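Undergrad: give me the fold of what follows.
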Amino acid sequence: MKADTAKTLRAFAVELVVYAALVVGYFFLVLHFLGDWLLQLELHHRTTYAGTAILLIIGQAVVLESLTTLLLRMIRGRSE
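TA: Numbering: from 1, shown residues only. Down below sits the predicted model:
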């Protein structure tokens, strides 16, 4: 039972680190490529900015979750 718990905890820690790295990378990519545009959108078109921000959040969730799942499947496939 302890071995299963340790294996699950290790897998969770790896997933957490991978997901955190992807989120930080996503943040800096959006900041670099869309930062100025989002600032102007916020200042002049608040409703459009709100919708765009929600779409970016949803897109981040879907893409990063899929990417994390794919990476972890590849990692687990090699280790077994």
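
Undergrad: what about the helix ranked longest in the chain, average pLDDT?
TA: Identified as the longest helix of the chain according to DSSP state H is helix 2-44. Per-residue pLDDT over helix 2-44 has a mean of 88.

Undergrad: what's the first helix or strand after it?
TA: On the C-terminal side of helix 2-44, the closest following helix or strand by DSSP states H and E is helix 46-79.

Undergrad: that next one versus helix 2-44: what angle between them?
TA: Relative orientation of helix 46-79 and helix 2-44, computed by axes from the mean of the first three to the mean of the last three Cα atoms, to 10 degrees: 160 degrees.

Undergrad: and helix 46-79, what other elements does it pack with?
TA: helix 2-44 (3 or more Cβ pairs under 8 Å, 6 or more residues apart in numbering; DSSP states H and E). C-beta: built from backbone N, CA, C; applies to glycine.

Undergrad: from the chain's centre, how far out does the helix it packs on sit?
TA: Chain-centre distance of helix 2-44: 4 Å, with Cα atoms, centre = their mean, to the nearest Å.

Undergrad: what does stretch 63-70 give?
TA: Computed by Cα atoms, centre = their mean, the separation of stretch 63-70 from the middle of its chain amounts to 8 Å.

Undergrad: that one - what's its average pLDDT?
TA: Stretch 63-70 comes out at a mean pLDDT of 86.

Undergrad: show me what counts as buried in it.
TA: Of all the residues in stretch 63-70, those buried under the rule 16 or more other Cβ atoms under 10 Å are Leu64, Thr68.

Undergrad: repeat for stretch 22-39
TA: Quick answer for stretch 22-39 (16+ other Cβ under 10 Å): Leu22, Tyr26, Leu38.

Undergrad: look up how far Arg46 lies from the first one.
TA: Pointing back at Leu22 there. 29 Å (Cβ to Cβ, to the nearest Å).

Undergrad: same question, the second one
TA: The spacing between Tyr26 and Arg46, counted by Cβ to Cβ, is 23 Å.

Undergrad: kindly report the same for the last one.
TA: For Leu38, the distance to Arg46 (Cβ to Cβ) stands at 12 Å.

Undergrad: packing partners for the longest helix of the chain?
TA: helix 46-79.
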